[in-house]
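only geometry, no sequence info:
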């Protein structure tokens, strides 16, 4: 059943939680959790160390760092600054920036015309681009002995360009020769409480659209020629997930009711995979392909994009 159970999520943390819910141990996958009570930020690191672990998780070998920040969707500048500092700290860990004149290409993935998918373009809009200044006037134009070159592109989506995004990135990388690519994208989550409250950072690259079943060619070191770090925030959730969460609450209520207790016990006997498949059958075909986003997604995505761009600007300052 587990092999057939395909959950719609881009978060490695949620893939790991799914197996834990079914009491399945995954060899080659290590999970570490840290909680900063003062700042209310939980950091979960999932390290996929073997090919067996990668096959089971459905994600490449590498490190996946997830920051869960419940107040990220709230307009609190102080809190957002603290999240930026955390993102900055992990980017420094994943990028080998020891080289002089280190150059990075930031790729803002997604469709600017669709707000839940506009995170990448918005981040690119807020960056302090420096590559052209250094190329034109030299590094001393920045007033520093050592500079880091930052460039950015917003390649759009295949429906707009007629090209796979990875083809555009590969061409730009070949011409501009950055030392690394940082790809920013909106993600899909399994748990609605993680919407606009979670940031995932990984050193494995990214497969645009995979969380909503519209997978395009992967953007990885193998496909573009330089290391790729991905930063993503879940902005949409599968409709089946919302119905599934409602069913879980219903089951809990049934178990407390004398008249409905028997039905609740039966449903509770289903594992996570069986519950998810049952929900998909119940809502098909009208809601089966629907994804949902919060009503204030416009302001939230703009706010979070600024938080991520501030981390990148400080990284390359």
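That came through fine. The structure displayed is predicted, hence computed values, not measured ones.

so what are the domain limits for this structure?
Domain segmentation of the chain under automatic domain parsing yields 12-236+294-315, 241-283.

where exactly do the helices run in the stretch 101-250 of the chain?
Ranges of helices in the stretch 101-250 of the chain, per DSSP state H, counting those that start in this stretch, are 119-125, 131-137, 158-161, 165-176, 221-224, 239-256.

what stretches of the stretch 1-150 of the chain score poorly on pLDDT?
1-8, 15-25, 140-146 (pLDDT under 70).

for the closest residue in space to residue 294 that isn't next to it in sequence, grab the count of nearby residues.
Distance criterion C-beta to C-beta, 6 or more residues apart in numbering; nearest residue to residue 294, sequence neighbours excluded, is residue 195 at 6.0 Å. Yep, even glycine has a C-beta here, placed from its N, CA and C like the rest. Using other C-beta atoms under 10 Å, residue 195 has 23 neighbouring residues.

residue 85 now?
14.

repeat that for residue 87.
For residue 87, the neighbour count with other C-beta under 10 Å is 22.

check which helix or strand it maps to.
Element membership for residue 87 (DSSP states H and E) is helix 77-94.

follow-up on the earlier one: buried deepest among the domains of the chain, which one?
A comparison of these by mean neighbour count, using mean count of other C-beta atoms under 10 Å, puts domain 12-236+294-315 on top with a mean of 18.

quick check: end-to-end length of it?
With C-alpha to C-alpha, to the nearest Å as the measure, domain 12-236+294-315 spans 25 Å from end to end.

please name the bridge partners of the spatially most central residue of the chain.
Centroid check for the chain by C-alpha atoms, centre = their mean gives residue 232 as the closest residue, at 2.8 Å. Residue 232 has these beta-bridge partners by DSSP bridges: residue 185, residue 200.

next one: the one 4 residues further on
Going by DSSP bridges, residue 236 is paired in beta bridges with residue 188.

pretty sure it contacts residue 294?
No - Residue 236 is not in contact with residue 294 according to C-beta atoms under 8 Å; the separation is 9.4 Å.

hey, what's in contact with both of those two?
Shared contacts of residue 236 and residue 294 (C-beta atoms under 8 Å, 6 or more residues apart in numbering): residue 195.

re the thing from before, residues making contact with the helix holding residue 87?
With contacts defined as C-beta under 8 Å, 6+ apart, helix 77-94 is touched by 39, 41, 43, 63, 65, 67, 69, 71-72, 182, 199, 201, 203, 229, 231, 303, 306-308, 310-312, 314-315.

how close does residue 122 get to residue 221?
Computed as C-beta to C-beta, to the nearest Å, the residue 122 to residue 221 distance reads 26 Å.

now swap in residue 150 and tell me
Counting by C-beta to C-beta - residue 150 and residue 221 are separated by 19 Å.
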